[in-house]
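**Q** Here you go, sequence then predicted model.
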Amino acid sequence: MRLLVIGGSGLVGTNIVEEAEAADIDVHATYHTTQRDHTGIQLDKTDPEQTATVIEDLEPDAVVDTAAFHAVDDCETARERAWRVNATGTRNAAVAADEVGAHFVYLSTDYVFPGNPTETPYVEDNPVSPLNYYAETKYAGERAARIADEATVLRTSVVYGLANENFVTWVFGELESGNEMQIVDDQVSTTTYAPDLARACVEVARGGDTGLYHAAGPVAQSRFEFTRQLAEVCGYDPTHVTPITTEEFGQEAPRPADGSLDSSRLYETIDYRFREPATAFEEMRERRAN
């Protein structure tokens with residue numbers, strides 16, 4: 001099997017490459033601006049001709065598209081860029097993948113839901129209602145992904161790990177510096193360990209599982225609860241983490257109050273359950289110590 005990872009220099013992309021290599025899959029990865037040891041192909045997926053050329057030349061059996069404009073607040077003001085990357089760019093990749101008969105796997109977000117706590121955890125059949133422009137563009141990406149005859153959409157939530165900068169690596173830096181952190185306590189989600197999401201991407205690509213799946217962790221908790229638990233498990237002083245409301249914190253784009261996802265359909269399909277944060281934190285602690 002030959003696998004192409006678009007956005008291979010990012011957190012999820014890096015983990016997918018590692019997972020694929022461990023499974024003896026012929027994996028190739030692209031980068032846009034930041035090249036890493038495992039990314040040998042430069043690609044701007046908003047360029048349809050370049051995207052088509054890369055995929056036609058490689059002729060992969062599956063393409064996993066992880067490349068996105070993730071800055072949620074910036075998407076409110078940089079709307080043209082957000083749409084170009086998250087919607088149009090995804091369409092370019094899906095069309096090119098379909099031209100070579102490749103299975104197209106696209107990563108979306110829990111933010112496509114309105115975040116009503118009385119409705120959670122959301123299942124795949126629940127109606128979407130994006131609260132911000134980032135979510136609008138990602139939902140447009142979901143629709144674009146389905147251009148490919150063989151397409152899989154994986155909705156995930158607050159992905160964390162050690163392979164690249166993200167919320168958790170920032171928290172570790174603050175904890176090591178002994179800084180006080182105010183973390184919102186009224187935004188709930190099913191946080192997702194990047195190696196688990198990577199495994200899911202590889203499994204659905206290898207198994208040819210198509211359709212829509214939620215691909216998030218099994219525990220719903222607030223950002224504050226998540227951060228406090230990280231500090232406790234990894235041996236830091238949890239009192240440095242204090243709660244703050246979303247209104248007090250102030251964010252440009254509205255966020256769902258509760259975007260928890262039910263990922264049981266995916267777990268059953270790939271016969272693997274994502275790890276709870278405490279277990280993932282223990283693994284990260286060991287990796288950072290070595």
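**A** Cool, the structure landed. Given the structure is predicted, the values throughout are model-derived calculations rather than measurements.
**Q** Endpoints of stretch 13-33, how far apart?
**A** By C-alpha to C-alpha, to the nearest Å, the extent of stretch 13-33 from end to end equals 14 Å.
**Q** What are the buried residues along that stretch?
**A** Judged by neighbour count using 16 or more other C-beta atoms under 10 Å, the buried positions of stretch 13-33 are 13-20, 25, 27-32. No exception for glycine: its C-beta is placed from N, CA and C like everyone else's.
**Q** Just the ones of these in helices?
**A** Under the assignment DSSP state H, the buried residues of stretch 13-33 contribute 13-20 to helices.
**Q** so what does the helix or strand of the chain with the lowest mean pLDDT touch, helix or strand wise?
**A** In the chain, no helix or strand scores lower on mean pLDDT, DSSP states H and E than helix 246-249, which sits at a mean of 90. Packing partners of helix 246-249 (3 or more C-beta pairs under 8 Å, 6 or more residues apart in numbering; DSSP states H and E): strand 181-184.
**Q** Check the offset of the strand it packs on from the chain's centre.
**A** On the basis of C-alpha atoms, centre = their mean, to the nearest Å, strand 181-184 sits 22 Å off its chain's mean C-alpha point.
**Q** CA atoms only for that strand - export them in PDB, please.
**A** Extracted C-alpha coordinates of strand 181-184, given in PDB (Å, rounded to 0.1, in the frame of the first residue of the first chain):
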ATOM      1  CA  MET A 181      -2.300  29.700  33.900                       C
ATOM      2  CA  GLN A 182      -6.000  30.600  33.600                       C
ATOM      3  CA  ILE A 183      -7.800  28.000  31.500                       C
ATOM      4  CA  VAL A 184     -11.400  28.100  30.500                       C
END
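**Q** Does anything pack onto it? Which helices or strands?
**A** helix 167-177, helix 223-233, strand 241-244, helix 246-249.
**Q** Considering these, which stretch scores lowest in mean pLDDT?
**A** Lowest mean pLDDT within the helices and strands packed on strand 181-184: helix 246-249, a mean of 90.
**Q** where do the helices sit along the stretch 1-150 of the chain?
**A** For the stretch 1-150 of the chain, the helices defined by DSSP state H, counting those that start in this stretch cover 11-22, 48-58, 72-77, 79-83, 89-99, 133-145.
**Q** Sketch out the low-pLDDT regions of the stretch 51-200 of the chain for me.
**A** The stretch 51-200 of the chain contains no residues with pLDDT under 70.
**Q** was I right about S129 contacting P114?
**A** Yes - using C-beta atoms under 8 Å, S129 is in contact with P114, at 4.3 Å.
**Q** Comparing the two, which shows the higher neighbour count?
**A** More neighbours surround P114 than the other of S129 and P114, with 19 against 13 (other C-beta atoms under 10 Å).
**Q** tell me, how many neighbours does T192 end up with?
**A** When neighbours are defined as other C-beta under 10 Å, T192 has 27 of them.
**Q** is it true that it touches A216?
**A** Yes - with contact defined as C-beta under 8 Å, T192 reaches A216; the gap is 4.7 Å.
**Q** Could you tell me which residues touch both of these two?
**A** Common neighbours of T192 and A216 (criterion: C-beta atoms under 8 Å, 6 or more residues apart in numbering): 156-157, 274.
**Q** among those, which ones are buried?
**A** The neighbour count (16+ other C-beta under 10 Å) marks 156-157, 274 as buried among the shared contacts of T192 and A216.
**Q** JSON lines please, covering the residues you listed and showing distance to G235.
**A** What follows is those, written out as JSON lines (distance: C-beta to C-beta, whole Å):
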{"residue": "T156", "distance to G235": "28"}
{"residue": "S157", "distance to G235": "26"}
{"residue": "F274", "distance to G235": "24"}
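**Q** which one among those gets closest to R228?
**A** Of all the buried ones among the shared contacts of T192 and A216, R228 sits closest to S157, with 18.4 Å by C-beta to C-beta.
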